[in-house]
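**Q** Show me the folded form of this:
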Amino acid sequence: MKVNNHHLSDEDPTIEFVENFRAAGGVFVYCEGFYELIESLVKFMKREQWSNVYCWNHQLLEALGEFDYHEVTTSQRLDKVEVALTTCEGLVSSNGSILYSSNPSSNLGLVQNANTLITVAFHDQLYSSRADLLKRIRKKYLHTPAILDFVTGPTTTGHIEGQIAHGPKEMYLFLMENE
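**A** Predicted structure coming up:
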């Protein structure tokens, strides 16, 4: 899948994010609105023939159901997660990172346990730097989430500095314009 470049200008920080995200091994999909986003997700997941896609986001689950896509589970069994569909806290254009948190809407458990991770984000979640995004997180929450996890692309090795690496082997980001 490709980003629809005609929707984005050279001044748009989205271009920098897309280039950095792709360089880190991620796959980027641009959608103009929520209907196109859900339609693209359903077509994509059917094409990949995934079953048991884990998703804990009620809005996404409801929308997928409206498109008659029911290959989604809300199970909490993290040891069984192969494919996860989730949202995030924000995007960092300077390095192509996605920020997830221990806040329930970010579904950090799915992020850390899925082999394939599909993230849905909105254009207004894009920030030029980690510092800018962290400022927004401090303003957004009364109490900053206990865990903040920046993920820059899929895991490419099983060991990082002697530790077993966690994280997805494949990452997809569906970015949607705000409605």
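
**Q** How about the contacts made by Val81?
**A** Tyr54, Leu110, Asn113, Ala114, Asn115 (CB atoms under 8 Å, 6 or more residues apart in numbering). Heads up, the C-betas are built off the backbone N, CA and C, glycines and all.

**Q** Distance-wise, check the last one relative to Glu82.
**A** In this case it means Asn115. 5 Å (CB to CB, to the nearest Å).

**Q** between the contacts of Val81, which is closest to Leu78?
**A** Nearest to Leu78 among the contacts of Val81 is Asn113, at 4.5 Å by CB to CB.

**Q** give me the number of residues near the closest one?
**A** 19 (other CB atoms under 10 Å).

**Q** Contact partners for it?
**A** Contacts for Asn113 (CB under 8 Å, 6+ apart) come out as Leu78, Asp79, Val81, Ala84, His166.

**Q** For Cys31, see how far away it is.
**A** Taken as CB to CB, the span from Asn113 to Cys31 is 26 Å.

**Q** and Leu173, which of the three is it?
**A** Following DSSP: H, G, I helix; E, B strand; the rest coil, we place Leu173 in the strand state.

**Q** hang on, it packs against Gly25?
**A** No: if you go by CB atoms under 8 Å, Leu173 and Gly25 don't touch, sitting 11.5 Å apart.

**Q** helix or strand for the spatially most central residue of the chain, which one?
**A** For the chain, Thr119 is the residue whose C-alpha lies nearest the centre (CA atoms, centre = their mean; 2.0 Å). Applying DSSP states H and E as the criterion places Thr119 in strand 116-122.

**Q** Which secondary structure elements does that strand sit against?
**A** helix 34-48, strand 83-87, strand 170-176 (3 or more CB pairs under 8 Å, 6 or more residues apart in numbering; DSSP states H and E).

**Q** Among the contacts of Asn113, find me the one that's closest to Asn178.
**A** Nearest to Asn178 out of the contacts of Asn113 is Ala84 (CB to CB; 23.4 Å).
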